[in-house]
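Undergrad: Just the structure for this:
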Amino acid sequence: MNYTEDDLLPISALQHLAFCPRQWALIHLEGQWTDNRLTAEGIIMHDRAHNDEDESRGDLRITRGLRLRSLRWGLIGQADVVEFHKSENPEQSIKLEGQPGFWQPFIIEYKHGKPKLGHEDEVQLCAQALCLEEMLGVTLSSASFFYGQPRRRQDVVLHEILRQETEALITQLHELFAAGVTPDPVYAPFCHSCSLEKVCLPKVVRGQHSVKDYIHQLIQKSEDAV
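TA: From the prediction side, this is the model:
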């Protein structure tokens, strides 16, 4: 099955969905977003990666802010940096216009802060690789993150298990978007790192309890105290 241009969903949504389905729905279904220090610093870091000029250094070509698209997976997005390394292996490389020989692509995603405990970053990176593979007709064996802390690269092997996890999440992403329903919250320690905690109200809106019920309880307690 191939998706149409109107069906394309942002690659970044996969990171939100892998972190928390409710966070994904609040952002991508309800259009709610609030910044905290971490998200603001992350935006600045991505802007710097996208705005720097492309580079050519010997056997290395660097492209920034490369647009990504996949009709097979129904995704659209942008890679922070794609390096093209001179290669002697034509099976995993491509030809670059105006450049002799073959060049092997390698994705680098910039992330603020430290590596996360979950797989949400790896899933997002793998989805970028799936898009680039479709666009260029090659297979990528690995990609990399550049985390703000520590300031060094962390390579990620794009193995079959990660690919299967990413593909399953892509399918879930399209299904949830089609359903258009915001999941109930599940309170967990990671809620405190979410910029939408005050919008989500995970301690309040749980299970069968709604914000309306919570407000009603506050009013009842206030009346009882009078």
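Undergrad: can we go C-alpha only for contacts and neighbour counts from here?
TA: Will do.
Undergrad: Tell me which stretches of the protein form helices.
TA: In the chain, the helices defined using DSSP state H lie at 12-19, 21-28, 37-51, 120-136, 160-179, 197-200, 211-225.
Undergrad: Can you give me the neighbour number for residue 116?
TA: 10 (other C-alpha atoms under 10 Å).
Undergrad: Make residue 1 into 35 and carry on from there
TA: In the new count, where the first residue is 35, that last one comes out as residue 150.
Undergrad: Quickly note the distance from it to residue 183.
TA: As judged by C-alpha to C-alpha, to the nearest Å, residue 150 and residue 183 stand 11 Å apart.
Undergrad: Can you give me the domain boundaries for this structure?
TA: By the record's domain assignment, the chain is partitioned as 39-216, 218-260 (automatic domain parsing).
Undergrad: lowest-confidence stretch among these?
TA: Among those, domain 218-260 carries the lowest mean pLDDT, a mean of 64.
Undergrad: hmm, back to that, for the domains of the chain, which one ends up most surrounded?
TA: domain 39-216 (a mean of 17; mean count of other C-alpha atoms under 10 Å).
Undergrad: Name the single longest strand found in this structure.
TA: Longest strand in the chain, counting residues (DSSP state E): strand 109-121.
Undergrad: Now do it against helix 194-213, angle only.
TA: 160 degrees (axes from the mean of the first three to the mean of the last three C-alpha atoms, to 10 degrees).
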